[in-house]
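J.: show me how the following folds:
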Amino acid sequence: MARKEASSAVRTVFLCSACGNDSPKWFGRCPHCGEWNTAVEEAQRAAAPPSRRGYGSGAARPTRLTEIESLAEERHRSGIGELDRVLGGGLVPGSLVLIGGDPGIGKSTLALQLAGALARDGRVVLYVSGEESPRQAKMRAERIALRGGADHLYLHPEIDLDAIVTEVDRLQPSLLVVDSIQTLHLPELSAAPGSVTQVRECGLRLLRLAKDRSIPVVLIGHVTKDGSVAGPRTLEHMVDVVLYLEGDTHHEYRILSAAKNRFGSTNEIGVFEMRGDGLAEVENPSERLLRDRGRSVPGSAVVASLEGSRPLLVEVQALVAPTHFANPQRVAQGVDVRRLAVVIAVLEKRAGLSLAGADVFVNVAGGIKLEEPAADLGLALALASSFRDAPLPPDLVAVGEVGLGGELRPVPQMDRRLEEAMRLGFRSALIPKRQASSTKPEIGLVAAESLREAIVLALDAKPSPQHPRRG
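T.: Okay, the predicted model is just below:
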């Protein structure tokens with residue numbers, strides 16, 4: 001009888017590695033998220049009864065909103081300005097932060113620099129490394145010149161989550177860093193580390209740990225081939241902040257962005273430069289991104305983008321060449337391919353440029369991704385410049401959204417974009433005509449109503465910019 005009860009306590013289920021949905025039988029396509037070939041067989045024990053305890057001490061009970069203490073001014077500055085910008089001002093006590101990115105992009109380096117910055121401030125930090133030995137972590141710390149505050153930084157090479165919780169209770173750290181979530185293991189679960197069950201349960205335990213003890217917890221997660229965090233998508237739902245560190249490993253710039261942030265905006269980005277001694281903050285990214293820009297080169301246009309509260313000037317490069325294939329190629333890096341197809345269609349239909357028989361290649365220099373419609377005009381001008389083999393004026397910046405009718409639409413916060421362009425020495429700006437009368441005249445404005453008119457003003461006439469009349 002005892003043997004029969006023990007066997008009934010264990011059941012075999014099939015889990016979706018993408019979303020974590022479980023099924024008693026195998027499936028080819030997940031009925032929850034629709035992904036194919038994601039079924040993973042695992043043995044599960046009967047779940048323990050759920051706890052009735054809430055966050056903190058005492059039983060859970062409804063609380064008036066006015067009785068809850070505000071944490072608006074209790075953010076902990078990390079000591080890394082670009083990271084604080086993306087987080088919304090700093091680390092929030094009790095928050096669970098997930099950092100994802102490709103292998104070798106700098107996730108562990110950023111987390112170790114964060115731990116070192118807080119340790120130099122006199123705060124106790126526990127860095128759990130399930131992938132490195134203490135000596136290996138020490139070598140990496142010496143490489144990035146992490147010396148000050150070492151007495152407050154503790155390295156713990158452990159994958160047993162119960163042992164990690166014991167050390168947290170003993171040290172009472174101000175920050176817990178787990179590198180990585182896929183290496184953690186709960187002994188009561190028979191699944192292997194990194195499996196769907198282990199990642200989900202360890203994430204829930206760490207979430208409860210952060211909320212109960214009111215300490216920020218930073219998790220490092222591996223990513224899949226499509227760029228998402230490996231493991232069930234429930235992991236991204238349960239954390240408070242999801243950060244992605246992106247960039248080309250062949251270039252020095254790294255972009256930190258937030259895909260989810262319960263305590264701030266998801267539009268802010270942080271720009272870092274990968275050096276031999278770690279990640280260095282780039283305080284003036286516009287100037288650095290335009291540093292290697294070639295002047296008077298066909299197919300090059302400067303776009304004034306807005307990333308959160310930061311205006312950013314980037315170079316859009318386009319190459320239009322005759323195709324040797326039946327279907328012309330459309331290759332884009334840093335720009336959505338579907339948005340590129342829309343701009344090409346408008347150029348053909350409204351501006352008279354025949355691009356149907358040409359290959360089109362677009363690249364945004366520096367690894368920046370342009371997602372807002374304000375980059376449409378610069379993208380269209382770069383394509384027209386390459387198609388006609390005629391360079392744009394080197395001191396011209398383009399800002400505007402292109403509509404399907406070929407009209408130029410206004411974009412928000414034009415003054416901030418143009419102020420950044422003036423600071424970098426640009427003397428003229430091509431903008432929608434509807435915004436010309438409401439824009440500061442410190443920079444020369446070239447206003448156009450349509451994309452066809454903008455191409456004529458930028459490539460054919462090339463007039464000297466004049467300030468528009470007001471009123």
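J.: just say helix, strand or coil for residue 303.
T.: Under the three-state scheme (DSSP: H, G, I helix; E, B strand; the rest coil), residue 303 adopts strand.
J.: for it, give me its contacts.
T.: Shown in contact with residue 303 (C-beta atoms under 8 Å, 6 or more residues apart in numbering): 313-316, 370, 374-375, 377-379, 397-399. Every C-beta, even on glycine, is put in place using the N, C-alpha and C of the backbone.
J.: what does residue 156 give?
T.: Listed by C-beta under 8 Å, 6+ apart, the contact set of residue 156 reads 126, 127, 128, 129, 164, 167.
J.: between those, which sits nearest residue 85?
T.: Distance to residue 85, by C-beta to C-beta, is smallest for residue 127 among the contacts of residue 156, at 23.1 Å.
J.: count of neighbours near the residue lying closest to residue 417 once chain neighbours are set aside?
T.: In space, and not counting its chain neighbours, residue 417 is closest to residue 304: 3.8 Å by C-beta to C-beta, 6 or more residues apart in numbering. Residues near residue 304, counting by other C-beta atoms under 10 Å, number 30.
J.: can I assume residue 459 is in contact with residue 385?
T.: Yes. Using C-beta atoms under 8 Å, residue 459 is in contact with residue 385, at 6.5 Å.
J.: which of those two has more neighbours?
T.: residue 385 (22 against 18).
J.: quick one: low-confidence parts of the chain?
T.: Applying pLDDT under 70 to the chain flags residues 1-10, 44-60, 70-73, 145, 147-149, 224-232, 440-441, 461-471.
J.: which segments of it make up each domain?
T.: Per automatic domain parsing, the structural domains of the chain span 10-45, 74-282, 288-461.
J.: run through the strands of the stretch 301-450 of the chain in chain order.
T.: Per DSSP state E, counting those that start in this stretch, the stretch 301-450 of the chain carries strands over the ranges 310-322, 330-333, 358-364, 396-398, 401-402, 408-409, 428-432, 444-448.
J.: export those strands as JSON lines, with columns for mean neighbour count.
T.: Listed next are the strands of the stretch 301-450 of the chain as JSON lines, based on neighbours: other C-beta atoms under 10 Å:
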{"stretch": "strand 310-322", "mean neighbour count": "20"}
{"stretch": "strand 330-333", "mean neighbour count": "15"}
{"stretch": "strand 358-364", "mean neighbour count": "20"}
{"stretch": "strand 396-398", "mean neighbour count": "26"}
{"stretch": "strand 401-402", "mean neighbour count": "22"}
{"stretch": "strand 408-409", "mean neighbour count": "22"}
{"stretch": "strand 428-432", "mean neighbour count": "25"}
{"stretch": "strand 444-448", "mean neighbour count": "21"}
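J.: which one of the ones you listed lies closest to residue 183?
T.: strand 330-333 (32.5 Å).
J.: show me where this protein has helices.
T.: Secondary structure of the chain (DSSP state H): helices located at 2-8, 81-87, 107-120, 134-143, 161-171, 196-213, 234-238, 285-289, 337-350, 376-388, 414-423, 451-455.
J.: out of those helices, which is the most enclosed?
T.: Across those, averaging neighbours per residue (mean count of other C-beta atoms under 10 Å) puts helix 376-388 on top, at a mean of 26.
J.: would you put the C-alpha positions of that helix in PDB?
T.: Coordinates of the C-alpha atoms in helix 376-388 are reproduced here as PDB (Å, rounded to 0.1, in the frame of the first residue of the first chain):
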ATOM      1  CA  ASP A 376      10.800  57.300 -41.700                       C
ATOM      2  CA  LEU A 377      12.000  60.500 -43.400                       C
ATOM      3  CA  GLY A 378      15.700  59.900 -42.800                       C
ATOM      4  CA  LEU A 379      15.300  56.300 -44.000                       C
ATOM      5  CA  ALA A 380      13.500  57.400 -47.200                       C
ATOM      6  CA  LEU A 381      16.100  60.100 -47.900                       C
ATOM      7  CA  ALA A 382      18.900  57.600 -47.400                       C
ATOM      8  CA  LEU A 383      17.300  55.300 -50.000                       C
ATOM      9  CA  ALA A 384      16.700  58.100 -52.400                       C
ATOM     10  CA  SER A 385      20.300  59.300 -52.000                       C
ATOM     11  CA  SER A 386      21.700  55.800 -52.800                       C
ATOM     12  CA  PHE A 387      19.300  55.300 -55.700                       C
ATOM     13  CA  ARG A 388      20.400  58.600 -57.300                       C
END
